[in-house]
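> just to be clear, the model below is a prediction. Sequence and coordinates:
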Amino acid sequence: METGCVLVCTTVQNEQDAAKIASTLVSERLAACVNVSAEMESTYRWEGVVNTECERQLIIKTTQDRLSQLRARLHELHPYELPEFITLDITGGSENYLRWIRASTE
């Protein structure tokens, strides 16, 4: 089922960046909701070196129609040189909730 709704995942290093990005995206109607995880440990390879850092994951609920604007804005706000930007199509769910996502991003 095509819903027109999408989840976007990204990570940031601290609570302040997470709060700023979440508030801005929702205020600008680029996202209906942003969930911010508790601090977690991420291990990754960057410039040939394996690093382990504490990060917070943001799960952003938006629509396909707002995705390109959200991507551009997230890159403006994000402190990382190469921010994570992974999208997952929402292929089902509560129609009332999906309707709320669409209405919240209009």
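Structure received.
> what's the span of stretch 59-77, first residue to last?
Length of stretch 59-77, first residue to last, C-alpha to C-alpha, to the nearest Å: 16 Å.
> once you drop chain neighbours, what's closest to residue 56?
residue 18 (4.7 Å; C-beta to C-beta, 6 or more residues apart in numbering). (Glycine included, C-beta is placed from N, CA and C.)
> with residue 54 instead?
Distances taken as C-beta to C-beta, 6+ apart place residue 39 nearest to residue 54, at 5.1 Å, with adjacent residues excluded.
> what's the pLDDT at that neighbour?
Listed pLDDT for residue 39 reads 95.
> you'd agree the residue nearest to residue 56 is in a helix?
Yes. Assigned with DSSP: H, G, I helix; E, B strand; the rest coil, residue 18 falls within a helix.
> residue contacts, it?
12, 36, 56, 58 (C-beta atoms under 8 Å, 6 or more residues apart in numbering).
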